[in-house]
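Peer 1: Got a predicted structure plus its sequence, pasted below:
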Amino acid sequence: MPTRLDRFLPPTPLARRLSLQSVLFATGEGAFITGSAVFFTQIVGLSAAQVGLGLTIAGAVTFAFAVPLGKLADRVGPRRQWAAAAFVGAALYLLWPFIGSFPAFLLMTVAIELVGNAGWSGRGAYTIDVFPHDERVRSLAFMRAALNIGFTLGAMIGGLALAFDSDTLVRAVPWVTAAILFANAAFITRLPDAEHDRVVPSPAEKALRGSALRNRGFLSLSILDGVLGTNQVLLNVVIPLWLVQATDAPHVLLAWLFGTNTVLAVLLQVPAARGVNSVSTSLRAARISGAFFVLSCFVVLVTHDTIGWVTIVLVWLGHVTVTGAELFQSAGHWGFLSELSDPERRGEYQGVSQLGTTLGSVWAPAAFTYLALEWGATGWMLIAAVIVIAVLGMGPAARAAGRYLARTGQPTAA
């Protein structure tokens with residue numbers, strides 16, 4: 001008989017195993033990410049500009065290889081690629097303490113980004129492939145909540161190393177990360193095969209079904225979804241900078257903002273994804289996400305002229321509403337991938353989806369920061385307008401993607 005606790009646990013044993021894997025992976029990654037700025041500057045000896053340039057170049061290379069790596073997952077099997085990438089990624093972290101120049105940093109960063117992209121393509125294709133249709137989005141929501149738990153645990157590990165202000169401890173963090181990620185890779189090898197790990201379609205069979213890049217509706221939807229996904233830029237970049245430069249709110253509020261975001265992401269991701277099991281419900285989630293995004297813009301823009309506790313409450317509320325945008329955008333994103341991916345090309349469709357996400361992360365930080373901090377209220381309204389236009393375009397794009405699948409003889413859900 002189900003208990004009250006069961007409502008807070010993933011719905012199936014497999015979903016629970018994958019949620020545990022998510023915690024394990026994010027703990028390792030989070031431990032390194034927390035102290036990465038200190039590691040790159042104090043241990044590797046780079047300037048902030050060099051770090052930024054290296055990450056930008058790595059992002060551009062990853063963008064170029066997103067679709068080919070997705071195709072590779074379809075060819076070798078999603079879990080196989082995911083597991084191989086996990087082992088290689090763990091091994092690369094062992095090398096970080098020996099990196100001492102910008103060229104070496106650049107090569108390492110590009111390698112880690114490419115391997116990580118290959119892993120995410122395999123993971124994404126695997127999770128959609130292995131879960132029954134009606135369990136997909138809910139299970140992915142539990143896995144997303146588990147990632148947030150893992151990143152929090154990882155931040156505690158990384159923060160502990162930073163607290164002692166010891167280069168020796170900071171230098172050891174990549175090895176701690178590697179150990180955790182090797183355990184993660186071993187965990188992945190023990191997961192059951194998905195359908196397309198057991199039977200990989202031949203190139204001739206796949207050629208008859210049409211490339212994901214030829215599905216212009218899905219490509220357009222991915223780009224528009226990437227625009228909606230710039231809620232992360234608002235969350236992590238624009239609102240914190242606005243708080244520091246344009247309001248009288250105390251800087252310590254930043255810690256409360258990110259703490260609140262983490263708690264809400266853990267507690268509310270699954271409720272936000274409830275009922276998202278079709279194209280129409282995915283579009284509804286996207287519209288709700290857009291509404292939260294726009295509301296956040298209008299709440300935050302007024303804090304330029306408020307003072308004291310009014311500013312604190314409104315900035316916090318703006319961060320909470322953009323968290324709502326994050327939760328519902330994620331749910332809609334999973335729904336689109338579930339419903340509008342060719343079952344024989346799931347990895348390739350994952351790669352196309354990542355194009356939109358990567359594009360958003362490239363243009364939005366500079367554009368949104370400039371609009372908000374230089375243009376003030378007008379800039380915030382323009383940001384909101386960009387989101388409204390993106391959401392309005394998602395319906396026609398999703399319908400075009402469905403028509404393409406129908407023309408090539410593929411169902412819009414599997």
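Peer 2: Received the coordinates, thanks.
Peer 1: Just give the nearest non-adjacent residue to S220, would you?
Peer 2: A397 (4.1 Å; C-beta to C-beta, 6 or more residues apart in numbering). Glycine gets a C-beta too; all of them are placed from N, C-alpha and C.
Peer 1: Check the contact between the one you found and G217; I expect there is one.
Peer 2: Yes. Taking C-beta atoms under 8 Å as the definition, A397 is a contact partner of G217 at 5.2 Å.
Peer 1: Neighbour count: those two, which is higher?
Peer 2: A397 (23 against 18; other C-beta atoms under 10 Å).
Peer 1: hang on, the earlier thing: so what's the residue nearest to S220 up against?
Peer 2: Taking C-beta atoms under 8 Å, 6 or more residues apart in numbering as the contact definition, A397 lies against G217, F218, S220, L221, L224.
Peer 1: Mind telling me what element the third one is part of?
Peer 2: Following DSSP states H and E, one finds S220 within helix 216-228.
Peer 1: other SSEs contacting that helix?
Peer 2: Applying 3 or more C-beta pairs under 8 Å, 6 or more residues apart in numbering; DSSP states H and E, we find helix 216-228 packed against helix 279-301, helix 308-340, helix 346-375, helix 377-407.
Peer 1: wait, which of these is closest to V67?
Peer 2: Closest to V67 of the helices and strands packed on helix 216-228 is helix 346-375 (C-beta to C-beta; 4.0 Å).
Peer 1: tell me the angle of the closest one relative to helix 377-407?
Peer 2: For helix 346-375 against helix 377-407, the angle by axes from the mean of the first three to the mean of the last three C-alpha atoms, to 10 degrees is 160 degrees.
Peer 1: and helix 346-375, what does it pack onto?
Peer 2: Packed next to helix 346-375, using 3+ C-beta pairs under 8 Å, 6+ apart, are helix 48-76, helix 78-93, helix 102-130, helix 216-228, helix 231-233, helix 239-246, helix 308-340, helix 377-407.
Peer 1: Please tabulate these in CSV, including the columns mean pLDDT.
Peer 2: As requested, the helices and strands packed on helix 346-375 are exported to CSV (pLDDT from 0 to 100):
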stretch, mean pLDDT
helix 48-76, 89
helix 78-93, 96
helix 102-130, 94
helix 216-228, 96
helix 231-233, 93
helix 239-246, 89
helix 308-340, 95
helix 377-407, 95
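Peer 1: so which of the ones you listed comes closest to F298?
Peer 2: helix 377-407 (6.8 Å).
Peer 1: to the chain's geometric centre, what's the distance from stretch 33-52?
Peer 2: 22 Å (C-alpha atoms, centre = their mean, to the nearest Å).
Peer 1: cool, and stretch 177-196?
Peer 2: Its chain's C-alpha centre and that of stretch 177-196 lie 19 Å apart, by C-alpha atoms, centre = their mean.
Peer 1: in stretch 304-317, what's buried?
Peer 2: Using 16 or more other C-beta atoms under 10 Å as the test for burial, stretch 304-317 gives H304, T306, T311, I312, L314, V315, W316.
Peer 1: thinking again about what came up before, give the buried residues for the helix holding S220.
Peer 2: Within helix 216-228, the residues that count as buried by 16+ other C-beta under 10 Å are G217, F218, L219, S220, L221, S222, I223, L224, D225, G226, V227, L228.
Peer 1: Including distance to R171, could the residues you listed go into a markdown table?
Peer 2: A markdown table is the format used below for the buried residues of helix 216-228 (distance: C-beta to C-beta, whole Å):
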| residue | distance to R171 |
| --- | --- |
| G217 | 49 |
| F218 | 44 |
| L219 | 43 |
| S220 | 46 |
| L221 | 44 |
| S222 | 39 |
| I223 | 41 |
| L224 | 43 |
| D225 | 39 |
| G226 | 36 |
| V227 | 40 |
| L228 | 39 |
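Peer 1: Which member of those is positioned nearest A325?
Peer 2: Nearest member of the buried residues of helix 216-228 to A325, counting by C-beta to C-beta, is L228, at 7.6 Å.
Peer 1: Who are the contact partners of that closest one?
Peer 2: Each residue near L228 by C-beta under 8 Å, 6+ apart is listed here: A286, S289, G290, F293, A325, Q329, G332, I387, A390, V391, M394.
Peer 1: likewise Q21?
Peer 2: Taking C-beta under 8 Å, 6+ apart as the test, what Q21 contacts is N184, F187, I188, L191.
Peer 1: go on, N277?
Peer 2: Taking C-beta under 8 Å, 6+ apart, we find N277 in contact with H133, D134, R136, V137, G335, S338.
Peer 1: ok, back up a step: looking at the contacts of A397, spot the one nearest F65.
Peer 2: Within the contacts of A397, the smallest distance to F65 is 18.9 Å, found for F218 (C-beta to C-beta).
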